[in-house]
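Engineer: Sequence first, predicted coordinates after that:
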Amino acid sequence: MKDKTTAYLLWFFLGIWGAHKFYLGKTGIGILYFFTLGFFFVGWLFDALTLGTQVDAFNALFLRTGANNNNHNNNNIVVNVTQPSNDKPNFHTIADQLGRLSELKEKGHLTEDEYANQKIKILS
């Protein structure tokens, strides 16, 4: 969470060098501000009117993405596989699910623990 007072203080004293942009995690724009003196003061003046909204947007994104907690929910992985229409055991479906789960682990989307938990769910 970012504070509006801190953002405005950075804007006022160091804003032409982009300090408030770096504070809000906008590194690219911060670098542009640094080398252009706040887009030749025009961007710096514009930020005087919009900085509060920028801080609110950052905080909303911060809360929405869950960056403020370490939520390691193992129940949030969905592997979509269609069910066969006949009454035979769906070994192909389970194998397909395990294959897709393995792909997610190999690509780095799943930790070893998440992979193990999802594998148990598929096999049970």
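Structural biologist: That came through fine.

Engineer: Which parts of the protein are helices?
Structural biologist: With DSSP state H, the ranges of helices along the chain come out as 4-14, 19-23, 27-40, 42-64, 91-106, 112-123.

Engineer: Determine which stretch of those helices is the most buried.
Structural biologist: For the helices of the chain, the largest average neighbour count (mean count of other Cβ atoms under 10 Å) is found in helix 19-23, namely a mean of 22. All C-beta spots, glycine's among them, are computed from the backbone N, C-alpha and C.

Engineer: elements contacting it?
Structural biologist: On a contact count with 3 or more Cβ pairs under 8 Å, 6 or more residues apart in numbering; DSSP states H and E, helix 19-23 meets helix 4-14, helix 27-40.

Engineer: could I get the ones you listed as TSV with distance to residue 48 and mean pLDDT?
Structural biologist: As requested, the helices and strands packed on helix 19-23 are exported to TSV (distance: least, Cβ to Cβ, whole Å; pLDDT from 0 to 100):
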stretch	distance to residue 48	mean pLDDT
helix 4-14	7	96
helix 27-40	10	95
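
Engineer: tell me the angle of the lowest-mean-pLDDT helix or strand in the chain relative to helix 112-123?
Structural biologist: Within the chain, confidence by mean pLDDT, DSSP states H and E is lowest for helix 91-106 among all helices and strands, at a mean of 81. Counting by axes from the mean of the first three to the mean of the last three Cα atoms, to 10 degrees, helix 91-106 points 170 degrees away from the direction of helix 112-123.

Engineer: This completes my enquiry, with thanks.
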